[in-house]
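>>> Quick one, fold the following:
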Amino acid sequence: MSRRSSPTCCRLSFATLVLLLISQPAMPQENKSTTLELDHVSICGSSLDTLRQSLTDVGLTPDLGGPHGNGITQMALVGFDDGTYIELIAPIKPGVTAGSAWAKFMSDDAVTCAWAAGTNVLLQEVDRLKKAGISVKTPERGSRKRPDGMSVEWMTADVGNTTPGATLPFIIEDQTPRAWRVQNSASVQGAPLGGVENVVLGVNNLDASIALFRKAYGWAEPLTETQKDFGKLAYFPGQPVILAAPSGGGWLSDRLAKFGETPVAYLLSTRDFAAATKRYKLSGTKTWFGQKLAWFDPAKLKGVRLGVIGQ
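As a prediction, this is how the structure comes out:
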């Protein structure tokens, strides 16, 4: 016969285990890390035709997206394989921007102006951010009518107290199928580009901005390095944002003085850096955080800083 422990022995063992567990010091609760799912980035200008031509000139021909439901703005987009996209925003009527959150950006052609993070649980994310001490506005409905007449609908929530998507990304959740909102553009099908990889965010105080993102998303300390043209950079590995604070004067200081903290550059991923460099005639190759980086011609893009990063 096999031996069995007596009921008394089992009770004593269980009681001892409970006492041991109770006697252990409580472990501190850590803010759970949240991975941001980059949805899209925006470039604002006074003329949609001008914006579309500037991207066409560098080999990224946008598709017409149609007017927004606010009756103020219209858009076009370059959709990539990974589902991210570059959005071009301009007024429907030339010069009529009143009522749009990005009115001041549309007054200047081709200005990087906002970024958005996607979610399927918008209300949960709003609640999480509020509990983390981050200001979030009440979600609002948005819509756009495509050139084929189909209506696309979504919900957004603005995060922080600045222009939507200027510092922390605004949140977007589709109410209609996401495939209705964005498709892979013909101009980049088969191209050595994966999608929008990083938003380079211009900030005044690097330490304060690092603290803000860590508070909002529970991230670990970022990697830092200095680049001559962008100042001091902070990168959170695995996340789609790079913070950039000027080391002195220069274009970034001027940009911050004019527009405040906003995206200042967008970086596209690549599966083949050499092929992307050749196809798009990229220049100014450098290394950021161990990755090769080169730029599209900013003159053709009316000053927009759009790069490609990869190996």
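
>>> Check the residue lying closest to residue 311 once chain neighbours are set aside and give its pLDDT.
Excluding the flanking residues, the one nearest residue 311 by CB to CB, 6 or more residues apart in numbering is residue 273, at 5.7 Å. C-betas here are computed from N, CA, C, even on glycine. As predicted, residue 273 sits at a pLDDT of 98.

>>> ditto for the one 4 residues further on
Confidence at residue 277, expressed as pLDDT, is 98.

>>> May I ask you to confirm that it is in contact with residue 284?
No - applying CB atoms under 8 Å as the test, residue 277 and residue 284 come out as separate, 10.4 Å apart.

>>> Find residues that contact each of these two.
Taking CB atoms under 8 Å, 6 or more residues apart in numbering as the contact rule, residue 277 and residue 284 both touch residue 294.

>>> before we move on, back to that, roughly how far apart are the residue nearest to residue 311 and residue 240?
Plainly put, residue 273 is 19 Å away from residue 240 if you go by CB to CB, to the nearest Å.

>>> quick one: buried residues of stretch 240-251?
240-246 (16 or more other CB atoms under 10 Å).

>>> Sorry, wrong one. I was asking about stretch 153-172.
Those would be 154-160, 163-172, for stretch 153-172 by 16+ other CB under 10 Å.

>>> got it, and stretch 102-119?
Buried, per 16+ other CB under 10 Å, within stretch 102-119: 102-106, 109-119.

>>> and residue 153, what does it touch?
Contacts of residue 153 (CB under 8 Å, 6+ apart): 141-143, 174-176.

>>> Got the domain ranges for this structure?
The chain breaks down into these domains under automatic domain parsing: 38-186, 191-310.

>>> circling back: can you tell me which of the buried residues of stretch 153-172 are in strands?
Mapping the buried residues of stretch 153-172 onto strands (DSSP state E) picks out 154-157, 170-172.

>>> Any stretches of the stretch 51-200 of the chain with poor pLDDT?
110 (pLDDT under 70).

>>> If we use 90, what do you get?
107-111 (pLDDT under 90).

>>> for this structure, what spans make up the helices?
Assigned by DSSP state H, the chain shows helices spanning 7-23, 48-56, 103-106, 122-131, 178-181, 206-217, 251-259, 273-280.

>>> Go through the fourth one and flag the buried ones.
So the one you mean is helix 122-131. 122, 125-126, 128-129.

>>> for that helix, packing partners?
strand 151-157, strand 170-174 (3 or more CB pairs under 8 Å, 6 or more residues apart in numbering; DSSP states H and E).

>>> what do you get if the cut-off is 6 Å, keeping everything else the same?
strand 170-174 (3 or more CB pairs under 6 Å, 6 or more residues apart in numbering; DSSP states H and E).

>>> rewinding a little: quick one: the helices of the chain as TSV, columns for distance to residue 200 too.
Shown next, in TSV, are those (distance: least, CB to CB, whole Å):
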stretch	distance to residue 200
helix 7-23	48
helix 48-56	18
helix 103-106	16
helix 122-131	23
helix 178-181	25
helix 206-217	12
helix 251-259	10
helix 273-280	18
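
>>> That'll do, ta.
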